[in-house]
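**Q** Predicted model, plus sequence, below.
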Amino acid sequence: MIATYCTVCRTGRIFSSTVDGVPEKFRLVGMDHFNAMFEDARTKSWWQQATGKAITGKQKGKQLIEMASQQMSLAS
């Protein structure tokens, strides 16, 4: 599982980190169109935080499965 948060657009998302049955490790690599971008360690593909979609690399066009989550304040 990968829990993401973009401080620019203030969105949190949780995705399954398994792609085609293979567990992936991700790291933050930057921003694209005001949203965080993550890179998987195995193929170096870049994934959008807002959509969970790979936009570059060998995984381009693939989609991470989003897990149910709820974003709320710490006070809540």
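**A** Yep, it's here. These numbers come from a predicted model, not from an experiment. Numbers count the residues shown, from 1 in each chain.

**Q** and the residue positioned nearest the centre of the chain, how far is that from Gly21?
**A** By CA atoms, centre = their mean, the chain has its centre lying nearest to Gln49, at 4.0 Å. For Gln49, the distance to Gly21 equals 23 Å [CB to CB, to the nearest Å]. For glycine as for every other residue, the C-beta is placed from the backbone atoms N, C-alpha and C.

**Q** Give me the contacts around stretch 12-27.
**A** For stretch 12-27, the surrounding residues in contact (CB atoms under 8 Å, 6 or more residues apart in numbering) are 1-6, 38-42, 47, 49-50, 52, 59, 62, 64-69, 71.

**Q** Please state the mean pLDDT value computed over that stretch.
**A** Stretch 12-27 shows a mean pLDDT of 93.

**Q** Stretch 63-75 now?
**A** Stretch 63-75 comes out at a mean pLDDT of 88.

**Q** what distance separates it from the centre of its chain?
**A** 12 Å (CA atoms, centre = their mean, to the nearest Å).

**Q** Which SSE is immediately downstream of the strand or helix carrying Tyr5?
**A** When elements are assigned from DSSP states H and E, Tyr5 belongs to strand 2-6. Counting by DSSP H and E, the next helix or strand C-terminal to strand 2-6 is strand 11-15.
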